[in-house]
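Undergrad: below are the sequence and a predicted model for it; my questions follow.
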Amino acid sequence: MTVDSTGEPLIVEGLSLALDIGGVQLNALRDVSFSLRPGEARGLVGESGSGKSLTLRAILGLLPPNARITSGRMVVAGQEFDLTRTDRDHRRRIARLRGAQIAMIFQEPGVALNPVVPVGRQIVDAVARRNGLTKRAAREYALHLMELVGIHDAAAKIDAYPFELSGGLKQRVMIAAAVAGEPQLILCDEPTTALDVTVQKQILSLFTHLRDELHASLLYVTHDLAVVAQLCDSVTVLYSGEVMESSDDLRAVFDGAQHPYTEALLHSTPDVDRIEQRLYSIPGSAASLSDRTDGCQFAPRCEYARDDCRTGSIPDTSGTPGRVVRCLHKVGAPADGVPVGGIDG
Amino acid sequence: MTATDAAAIARTAITPPSRKSRVWAPAWMRRHNLQLWIGAGMLGLMVLAAIFAPLIAPHDPTTPDAAHALLPVSADHLFGTDNLGRDIFSRVVYGARSDLTIAIVAVVAPFVIGLAFGIVSGYFGGWFDSIMMRLADIVTAFPFFILVIALVFLMGNGALSIFIAITCVSWVAYARLVRGEAMVLRNKEFVAACQASGISTIGILVRHFVPNVVSQAIVYAMSDIVMNVGVIVTLSYLGLGITPPTPDWGSMMAGGQQFLAGGFYGMTLFPAGAVIWTSLALSFLGDGLTHQLRIDR
């Protein structure tokens, strides 16, 4: 992946991470790279255990104590970070990014809010401290943010406790808290998974609206390709802690997946126009952390896999800028013959 | 350590030493939480008496008047007089001043210390936690009263000694209680959310942990005050607490003991009544608060 532009809100390069489980070092992430342009929304897609959430936590510097970053660098708003460092100075620099440059929205709004603090205070807590806002100014800012995220009777809800609000409202509160510090980058950890579909649709359109309003970039972790299709500009597909396929142009992947895993993922998404007896499912189950092998992680479940897939590290074979395909035996080009991924340049 | 481990440990650690009061109350009283209001009313009366003692007491509580010793109950001397001719009613009212003041002050310091230590220890764990827990073990290894009496004995009589002795011993219960809560909270996702939004560790502890743990500590504090009243009265009864002539319920009871055989019950009975009144008020209040804050379930 090319790293030349300076204004990019986030560049992650070569992120590898090991988890210490019972004294055994297991590679949870291997050489994960991607970047976001200003205002871009990138979907980070993968099954459970593929390392999506670990990637987000590594960016925020909030990894569990048994995780160790073995390689990787990151650029946020022009500042470079060597992610392998664990010294105090480095941790302080990363801590300063949180809330101000990078914010995060969690999967379960019900547990990510403090149950005994009114929501209005939670929305502006961090910002009010950092900027030394008066009580009155903080309250007004909270009201403004609540209206921004589409809470209509904000004045009535500002003193409510989280348990008094519905799931959708709680997620809006989380989003308001995330945008309070006017971050350039918002990390979303499956923010709509815990919501029902109608509320999910509202929240997704809120994200689209906020992106335009705040010019923030989104890194959107999900396993739901439909959500990615609706919200994102680009996509990175993770499997067992490795990038399988990545593209700066979402359509290129959705119209012509080149990696067998991406193809299989797309194929196992329900589609109203495609009436089938049974929904396709990828044979086998995701490799557990201790089963990681040499070569392509997906090879054991891949119908295209040959012997050369099972040794060495798999190079990027896309040949197109802005596109990564880590596969030796790519799925063929789309039927109409248009070269895949070339549109974005 | 997994979340369930922490929760299991917290559940065992959360049970404070068995000093919690339970007052029997009929079901209709519990239903309307009358305990809370009756307790608050009874305690309010006693606190008012303590605050306005100079206005309420008809006589000086310390000046002896040998000509009027051991008088029975009358309109002028509501509770009669003691062997030195002092008005017992005035002394009970002034006694509320000295006893309630220490009881309340001696609950604030352990509350604050225990809350701070418990939160820090539960959140960070590590060496601080180990030291705090060992310290707590040492304190709880001794019976409560023995330790307090020994400390007062070391420091000498008086209100200040009682205050320091109670603080040294009873912070442990708060710290244990709060530590368990903090250990559970530490693994909650909202803590990660706070960190992600850039709130400092101190900010998380002060603005997000304290509101979560304070209600349990308050409920415990109510039964702790009852205990403190008992400690002060007992120490004074044993001659280790507030020294005469300053009025105090414990020393009044001790002084009246030798006159019981002669049929002069007032000297012992009325201060004892005041102790029972206050303890009952605080117990009602504590139970009522527990019910109100819904942590009884």
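TA: Received, thanks.
Undergrad: just the helices in the chain please.
TA: Because you didn't say which chain, this covers chain A. Secondary structure of chain A (DSSP state H): helices at A:52-60, A:88-97, A:109-112, A:119-131, A:135-148, A:154-157, A:167-179, A:197-214, A:225-231, A:250-255, A:260-267.
Undergrad: meant chain B actually
TA: Going by DSSP H, chain B shows helices at B:3-14, B:27-31, B:34-51, B:53-56, B:88-124, B:126-141, B:144-155, B:159-186, B:189-196, B:201-203, B:210-237, B:249-256, B:266-293.
Undergrad: which of the residues in the third one are buried?
TA: Of the residues in helix B:34-51, those with enough neighbours to count as buried (16 or more other Cβ atoms under 10 Å in any protein chain shown) are B:34, B:35, B:36, B:38, B:39, B:40, B:42, B:43, B:46, B:47, B:49, B:50. In short, each C-beta sits where N, CA and C put it, glycine included.
Undergrad: what's that helix packed up against?
TA: Identification of packing neighbours for helix B:34-51 by 3 or more Cβ pairs under 8 Å, 6 or more residues apart in numbering or on different chains; DSSP states H and E yields helix B:27-31, helix B:88-124, helix B:266-293.
Undergrad: which non-adjacent residue is nearest the residue in the stretch 151-297 of chain B positioned nearest to chain A?
TA: Residue of the stretch 151-297 of chain B nearest chain A, by Cβ to the nearest Cβ: residue B:198 (2.6 Å). Nearest non-adjacent residue to residue B:198, counting by Cβ to Cβ, 6 or more residues apart in numbering or on different chains: residue A:99, 2.6 Å away.
Undergrad: quick one: that neighbour and residue B:195 touch, right?
TA: No. Between residue A:99 and residue B:195 there is no contact under Cβ atoms under 8 Å: 9.2 Å.
Undergrad: these two - which one has more neighbours?
TA: Higher neighbour count among residue A:99 and residue B:195: residue A:99, with 27 against 20, using other Cβ atoms under 10 Å in any protein chain shown.
Undergrad: ok, the more buried one to residue B:70 distance?
TA: Look at residue A:99 and residue B:70: by Cβ to Cβ, to the nearest Å, they are 74 Å apart.
Undergrad: can you check residue B:182 too?
TA: 56 Å.
Undergrad: between those two, which is the more surrounded one?
TA: residue B:182 (26 against 16).
Undergrad: which positions in the stretch 101-250 of chain B make contact with chain A?
TA: By the rule Cβ under 8 Å from any Cβ of the partner chain, the part of the stretch 101-250 of chain B lying against chain A is B:188-190, B:192-200, B:203, B:207-208, B:211-212.
Undergrad: got any ranges where chain A has weak pLDDT?
TA: Within chain A, the stretches with pLDDT under 70 are A:1-6, A:272, A:274-277, A:332-345.
Undergrad: looking at it, what residue ends up closest to chain B?
TA: For chain A, Cβ to the nearest Cβ, closest residue to chain B: residue A:99, 2.6 Å.
Undergrad: that residue: what's it in contact with?
TA: Counting by Cβ atoms under 8 Å, 6 or more residues apart in numbering or on different chains, residue A:99 makes contact with A:126, A:127, A:130, A:180, A:181, A:183, B:196, B:197, B:198, B:199.
Undergrad: give me the most central residue, chain B.
TA: Centrality entry for chain B: nearest residue to the mean C-alpha point is residue B:225, 1.4 Å, by Cα atoms, centre = their mean.
Undergrad: that one contacts residue B:101, doesn't it?
TA: No. Contact between residue B:225 and residue B:101 fails when scored by Cβ under 8 Å: they sit 11.6 Å apart.
Undergrad: hey, C-alpha coordinates of stretch A:55-73 in CSV?
TA: Provided in CSV are the C-alpha atoms of stretch A:55-73 (Å, rounded to 0.1, in the frame of the first residue of the first chain):
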residue,chain,number,x,y,z
THR,A,55,-7.1,-3.6,15.4
LEU,A,56,-9.3,-0.8,16.8
ARG,A,57,-7.9,-1.2,20.3
ALA,A,58,-4.4,-1.3,19.0
ILE,A,59,-5.0,2.1,17.3
LEU,A,60,-6.4,3.5,20.5
GLY,A,61,-3.6,2.0,22.6
LEU,A,62,-6.2,0.2,24.8
LEU,A,63,-5.1,-3.4,24.3
PRO,A,64,-5.7,-6.0,27.0
PRO,A,65,-2.6,-6.6,29.2
ASN,A,66,-1.8,-9.9,27.5
ALA,A,67,-1.4,-8.3,24.0
ARG,A,68,1.9,-7.3,22.6
ILE,A,69,2.4,-5.4,19.3
THR,A,70,5.4,-7.0,17.5
SER,A,71,5.6,-4.7,14.6
GLY,A,72,3.7,-1.8,13.0
ARG,A,73,3.6,1.9,12.7
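Undergrad: point out the residues in the stretch 151-300 of chain A that sit beside chain B.
TA: Checking the stretch 151-300 of chain A against chain B by Cβ under 8 Å from any Cβ, the hits are A:174, A:177, A:178, A:180, A:181.
Undergrad: show me which of these is closest to residue B:150.
TA: Distance to residue B:150 across these (Cβ to Cβ) is lowest for residue A:177, with 51.8 Å.
Undergrad: neighbours of the closest one, how many?
TA: 29.
Undergrad: just checking, it touches residue B:197?
TA: Yes. Using Cβ under 8 Å, residue A:177 is in contact with residue B:197, at 6.0 Å.
Undergrad: need the overlap of contacts for those two.
TA: In contact with both residue A:177 and residue B:197: A:103, A:125, A:126, using Cβ under 8 Å, 6+ apart.
Undergrad: now the second one, nearest residue through space, not along the chain?
TA: Right, residue A:125. With sequence-adjacent residues excluded and distances taken as Cβ to Cβ, 6+ apart, residue A:125 is closest to residue B:199, at 6.0 Å.
Undergrad: what about stretch A:12-26, near chain B?
TA: No. Counting by Cβ under 8 Å from any Cβ, no contacts exist between stretch A:12-26 and chain B, the nearest distance being 12.2 Å.
Undergrad: what comes into contact with that stretch?
TA: A:1, A:3, A:27-35, A:51, A:54-55, A:58-59, A:63-64, A:66-74, A:83, A:241, A:289-290, A:292.
Undergrad: let's see that with 6 Å instead.
TA: A:27-34, A:66-74, A:289 (Cβ atoms under 6 Å, 6 or more residues apart in numbering or on different chains).
Undergrad: just the buried residues out of those residues, in PyMOL syntax.
TA: Buried members of the contacts of stretch A:12-26 can be picked out in PyMOL with the line below, counting by 16+ other Cβ under 10 Å:
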select buried, chain A and resi 27+28+29+30+31+32+33+34+67+69+72+73+74+289
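Undergrad: inside strands: which ones of the contacts of stretch A:12-26?
TA: A:27-34, A:67-74 (DSSP state E).
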